[in-house]
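# Please find the sequence and the predicted model below.
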Amino acid sequence: MNRDQNEERRYTIRLCTRHEEFQSCIELQRSVWQFTDLDIIPLRAFVINLHSGGMTHGAFDEEGQLIGFSHALAAFDERRRPFYYSHMLAVEPSWRDMGVGLSLKLEQRETALKTKVPLIRWTFDPLQSRNANLNIRKLGVVIREYKVNYYGNSSTSALHRGLDTDRLFVEWWVGSERVNDILAGKKSERGEAVGTVKIPWDIEKVKALDNEQARSRQLATRAGFLEELARGNYCAGFETTPGLESRYLFYPDRHEEESERA
Ligand SMILES: CC(C)(COP(=O)(O)OP(=O)(O)OC[C@H]1O[C@@H](n2cnc3c(N)ncnc32)[C@H](O)[C@@H]1OP(=O)(O)O)[C@@H](O)C(=O)NCCC(=O)NCCS
């Protein structure tokens with residue numbers, strides 16, 4: 001598929017199947033997360049995943065260089081129903097904010113629709129406003145779970161340094177009316193939000209200036225999410241005031257998305 005978001009910057013997305021492509025995914029993991037080797041998904045895990053129902057998609061520039069990738073595993077929920085667990089999404093910094101991340105997720109959705117898997121799940125750091133914007137506002141995920149220090153404090157990534165690895169668990173009901181509406185550019189009507197949780201527009205800036213401040217934003221975000229979820233609300237909206245702050249929006253949870261797979 002060719003997506004020319006920007007005339008000079010064309011890229012193509014395809015399923016990765018070759019060792020060279022997986023090697024490029026390894027290099028991109030190194031540069032984006034600055035992981036040490038222990039935290040890198042190795043080549044053999046990519047190969048195994050390809051042969052066990054999972055998928056890795058790569059975005060390539062016109063020279064054939066990998067500029068982004070997504071990686072998802074085949075998984076079962078607690079009732080043995082299949083879903084995809086999307087474990088990684090990365091875009092090379094000079095290609096960000098051009099829709100590459102969105103295109104990679106849409107490719108995963110195509111596969112899920114084709115294979116009749118209704119749900120893709122993944123996690124992201126609640127303090128990352130760009131990720132929240134992509135996931136909630138552009139893709140239409142909903143959030144019903146907050147994981148405190150999900151990976152513990154052993155990560156070697158520069159993006160994780162100094163803070164607990166709290167994560168939001170997203171549900172992307174790929175064939176739902178809500179997701180279809182959002183992808184078609186229609187507003188998904190939920191009425192008035194009953195709760196909000198604020199985060200900084202750019203947490204990396206806060207971390208660079210004052211890690212204690214970043215830590216206190218993390219604790220406030222954690223407390224806010226846990227309180228809203230305990231009230232029976234779920235997160236299904238996100239709005240931003242660019243350069244200043246962003247807000248997660250909460251609504252009473254009527255389990256509409258889940259009913260689609262009953
Ligand atoms: C998260 C990531 C994959 C997004 O990729 P991307 O190609 O930049 O994503 P897109 O361009 O499709 O969407 C980004 C959106 O966020 C917006 N955005 C940028 N900075 C933002 C911010 N601070 N707050 C809110 N939105 C922001 C962009 O404007 C764009 O929205 P728009 O198209 O409506 O303008 C990329 O930033 C990345 O590789 N990050 C590091 C690794 C990571 O965190 N991976 C995900 C978790 S595993």
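Happy to help now that I have it.
# hey, let's count contacts and neighbours off CA atoms from now on
Will do.
# pLDDT weak spots in the stretch 1-150 of the chain?
Applying pLDDT under 70 to the stretch 1-150 of the chain picks out residues 1-8.
# That one: helices as residue ranges?
Secondary structure of the stretch 1-150 of the chain (DSSP state H, counting those that start in this stretch): helices at 19-33, 43-50, 100-114, 129-132.
# Can you tell me which of those helices is most buried?
Of all the helices of the stretch 1-150 of the chain, helix 129-132 has the most neighbours on average by mean count of other Cα atoms under 10 Å, namely a mean of 20.
# who in the stretch 1-150 of the chain is up against the ligand?
32, 88-91, 96-102, 124, 129-131, 133-134 (Cα under 6 Å from any ligand atom).
# Now with 8 Å, please.
32-33, 68, 87-93, 95-103, 122-125, 128-134, 138 (Cα under 8 Å from any ligand atom).
# For the longest helix that the chain contains, name the packing helices and strands.
Taking DSSP state H as the criterion, the chain has its longest helix at helix 211-230. Judged by 3 or more Cα pairs under 8 Å, 6 or more residues apart in numbering; DSSP states H and E, the packing partners of helix 211-230 are strand 142-147, strand 195-200, helix 203-209.
# got the angle between the following helix or strand past that helix and strand 142-147?
Once the chain leaves helix 211-230, the next helix or strand it forms, by DSSP states H and E, is strand 233-241. Computed by axes from the mean of the first three to the mean of the last three Cα atoms, to 10 degrees, the angle separating strand 233-241 from strand 142-147 equals 100 degrees.
# hmm, who's touching strand 233-241?
132-133, 136-137, 140-144, 201, 228, 246-253 (Cα atoms under 8 Å, 6 or more residues apart in numbering).
# now with 6 Å?
If you take Cα atoms under 6 Å, 6 or more residues apart in numbering as the criterion, strand 233-241 is touched by 137, 142, 143, 144, 246, 247, 248, 249, 250, 251, 252, 253.
# Flag every buried residue along that strand.
233, 234, 235, 236, 237, 238, 239, 240 (16 or more other Cα atoms under 10 Å).
# Quick one: these as a markdown table, columns for pLDDT and distance to residue 194 too.
Shown next, in a markdown table, are those (pLDDT from 0 to 100; distance: Cα to Cα, whole Å):
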| residue | pLDDT | distance to residue 194 |
| --- | --- | --- |
| 233 | 97 | 8 |
| 234 | 97 | 10 |
| 235 | 97 | 10 |
| 236 | 96 | 11 |
| 237 | 96 | 11 |
| 238 | 97 | 13 |
| 239 | 96 | 14 |
| 240 | 96 | 17 |
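# Those: which ones sit near the ligand?
239, 240.
# which one of the buried residues of strand 233-241 sits closest to the ligand?
Nearest to the ligand, judged by Cα to the nearest ligand atom, of the buried residues of strand 233-241 is residue 240 at 6.1 Å.
# If you count neighbours, what's buried in stretch 141-157?
141, 142, 143, 144, 145, 146, 155, 156, 157.
# bridging residues for the closest residue to residue 144 other than its chain neighbours?
Excluding its sequence neighbours, the residue lying closest to residue 144 (Cα to Cα, 6 or more residues apart in numbering) is residue 234, at 5.3 Å. The partner list for residue 234 in beta bridges (DSSP bridges) reads residue 251.
# Out of the contacts of strand 233-241, flag the one nearest to the ligand.
Distance to the ligand across the contacts of strand 233-241 (Cα to the nearest ligand atom) is lowest for residue 246, with 6.7 Å.
# Within the helices and strands, which one has that closest one?
Short version, using DSSP H and E: residue 246 is in strand 245-252.
# Using PDB, write out every CA atom in that strand.
The C-alpha trace of strand 245-252 is given here as PDB (Å, rounded to 0.1, in the frame of the first residue of the first chain):
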ATOM      1  CA  GLU A 245      -1.700  19.900  28.500                       C
ATOM      2  CA  SER A 246      -3.800  17.000  27.500                       C
ATOM      3  CA  ARG A 247      -6.900  15.300  29.100                       C
ATOM      4  CA  TYR A 248      -8.200  11.800  29.300                       C
ATOM      5  CA  LEU A 249     -12.000  11.800  29.300                       C
ATOM      6  CA  PHE A 250     -14.100   9.200  31.200                       C
ATOM      7  CA  TYR A 251     -17.700   8.000  30.600                       C
ATOM      8  CA  PRO A 252     -19.900   5.500  32.400                       C
END
